[in-house]
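S.K.: Fold the stuff below for me.
(chains A and B)
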Amino acid sequence: MKNLLYKEFKLCMTAPMLIFYAFVCMLLIPSYPYTVAAFFICNGLYFTFSQAAADNDLLFTTLLPVSKADAVKGKLWFVVIMQGLFLLLCVPMILLGNRIHPDGNPAGADCSLTLLGGMLILFAIFNAIFLPRYFRESHKSGKHFLIALIGVFLWVTVFEGILIASSAAGQYIPFFGWIRDNLDAFPKTPGAWTAQGILLAVCALLYAGANLLAYQKAARNFNSVDL
Amino acid sequence: MNVLEVRGLTKRYERFTLDNVSFALEPGYIMGFIGRNGAGKSTTMKSMLNLVRKDAGEVLINGRDFYRNESLCKGEIGFVMGEFDCYKKSTLKAITDVTKRFYKTWDDAAYRSCLKRFDLDENKKISELSAGMKVKYALALALSHNAVLLILDEPTSGLDPVSRDDLLDVFRAVISDGTRSILFSTHIISDLEKCADFITYIKNGKILTSTDVESFRSSYRLVSGEREQLEAQKSYLIGYKAHAFGFTGLIRTEDADKFAGCKTAPADLESIMIYTEQEDGHEESAL
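M.R.: Now for the predicted structure:
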């Protein structure tokens, strides 16, 4: 796996992938749907995968002494590392953003652990849709990306919508009120820390589960592909 | 034990079937894999390596089932599929740096020797190489990890005659210790005449024969005669070309006595292939 990852970083990773990490600064913009920042990492991954397809990367990898399933695993771990790195970069931005605009974010999720959870689900949706399709027809990565984007933006709408609704209707509907007080803003009480911590853990589990499913389906697809 | 054993390899497409392909290669030999375009050479090679998913059959590398020991077996194989056409914007150095990490038996001295022999500049990008140089780079990678079996699909295509000749010398050197073997497909039959010990001939997805070159050659004769003789003995000809003064064609050696009044001569590989491929339709020359 170490060698496959080395190959991904040395031969496959494109410059746009790194440039898109700068979009983590979007978390400092006042009144902005911050989950969208994570979309740019998906965009970077799309550029990288698209270039890899043009470079016959899957053929090269399959000729190396690795199985087709290992080739899929290598790509998946690369994706997980790139997404994990973005989430790590989000942490100082969340802390900084919380200081810059302490009154919260009227356009959606505040800088909080909930935001990280929302981004994890966004990545999970992207991986679950994009990767199995890519390993079936790598040369149609643009089409797969657009289909994955539908899922991603549906999630952004639902996630940000719930948090906006909780701010607006929190005083009338107790459930929304609980979300507003415990999940939306950066946690300040032990109860909010616990709620957001549990939510983040659940999102991490869902992310892991989605990646496992994506791997199984992608490996099955890739195994049936004629290169 | 055979270095390579292919048993009943089958792959079905809508309009083509690789049908029950079987052959074996012992250590220390070079096998030429011949057939027309679309006969199934590349499909066979790709199916052997799981690049194309087979429908049936098995492949053994040094006695081990390839599909159950894919990583291990691939480590023992050097594979060239025409010119190297990956990572066009990367340098040879970067690609080699990645590739060598996957092979425990990587031999840096052998790699350097290939670079020198093939006149390859490691600092060049793939996009800066000519078609022939790309083939040479693919060969350099395949020859640098002590592979016991080299599977080469059209390795000499795109190379100039001097490089081709040099490469055939490399092939002979590779198998000289008797432990390694080469299976290579080519359209340049003269290359096979120079170095192949065995021939496997595929036609329309089926193996016509897999035997040593001398047996293959000696089982055919070239025959030439007059028009009248052609009409009388047409049914014994595998393929022929008729012209104003008579005909030339290919026969099986056991049928030579049927052509008593004709001139016969030993058949070369190219003629065998040309006339065999005519089997379904003979050619009438305008001359």
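
S.K.: name the element the residue minimising distance to the centre of chain A belongs to?
M.R.: When C-alpha atoms, centre = their mean is applied to chain A, the residue found nearest the centroid is A:Phe123 (2.4 Å). Here A:Phe123, judged by DSSP states H and E, is contained in helix A:113-134.

S.K.: Also B:Ser163?
M.R.: helix B:161-175.

S.K.: Excluding its own residues, what touches that helix? List them.
M.R.: Residues outside helix B:161-175 that contact it (C-beta atoms under 8 Å, 6 or more residues apart in numbering or on different chains): B:28-30, B:117-118, B:132, B:136, B:139, B:143, B:150, B:155-156, B:159, B:180-182, B:184, B:188, B:191, B:194-195. Backbone N, C-alpha and C define where each C-beta goes, glycine included.

S.K.: rewinding a little: I'd like the next helix or strand past the helix holding A:Phe123.
M.R.: For helix A:113-134, the following helix or strand on the C-terminal side (DSSP H and E) is helix A:141-169.

S.K.: Buried by neighbour count: which residues of the helix or strand following that following helix qualify?
M.R.: Following helix A:141-169 in sequence order, the next helix or strand is helix A:174-179 (DSSP H and E). For helix A:174-179, burial by neighbour count (16 or more other C-beta atoms under 10 Å in any protein chain shown) applies to A:176, A:179.

S.K.: Over to stretch B:44-54?
M.R.: Those would be B:44-52, B:54, for stretch B:44-54 by 16+ other C-beta under 10 Å.

S.K.: go on, stretch A:88-101?
M.R.: Those would be A:89-90, A:93-94, A:97-98, for stretch A:88-101 by 16+ other C-beta under 10 Å.

S.K.: same thing with stretch B:97-106?
M.R.: Buried residues in stretch B:97-106 (16+ other C-beta under 10 Å): B:97-103, B:106.

S.K.: quick one: the strands in the stretch 151-287 of chain B?
M.R.: Remark: strands assigned in the stretch 151-287 of chain B by DSSP state E, counting those that start in this stretch are B:181-185, B:198-203, B:206-212, B:220-225, B:237-243, B:246-252, B:263-266, B:283-284.

S.K.: got the contact list for the second one?
M.R.: Contacts of strand B:198-203 with the rest of the structure, by C-beta under 8 Å, 6+ apart, involve B:21, B:23, B:25, B:29-36, B:39-41, B:44, B:183, B:192, B:207-213, B:216, B:269, B:273, B:276-277.

S.K.: Please indicate which of the contacts of helix B:161-175 are buried?
M.R.: For the contacts of helix B:161-175, buried by 16+ other C-beta under 10 Å: B:29-30, B:117-118, B:132, B:136, B:139, B:143, B:150, B:155-156, B:159, B:180-182, B:184, B:188, B:191, B:195.

S.K.: count of residues packed around A:Ile125?
M.R.: 23 (other C-beta atoms under 10 Å in any protein chain shown).

S.K.: Next: the one 4 residues further on.
M.R.: Here the count is done by other C-beta under 10 Å, and A:Ile129 has 20 residues near it.

S.K.: what's the closest non-adjacent residue to it?
M.R.: Nearest non-adjacent residue to A:Ile129, counting by C-beta to C-beta, 6 or more residues apart in numbering or on different chains: A:Ala148, 4.1 Å away.

S.K.: which secondary element of the chain has the worst mean pLDDT?
M.R.: All of this refers to chain A. Ranked by mean pLDDT, DSSP states H and E, the weakest helix or strand in chain A is helix A:174-179, scoring a mean of 82.

S.K.: Show the subsequent helix or strand relative to that helix.
M.R.: With DSSP H and E, the next secondary element past helix A:174-179 is helix A:190-223.

S.K.: Now that we're looking at the most centrally placed residue in chain B, what pLDDT does it have?
M.R.: Compute the mean C-alpha point of chain B, and by C-alpha atoms, centre = their mean the closest residue is B:Ser185, 1.8 Å away. According to the prediction, B:Ser185 has pLDDT 92.
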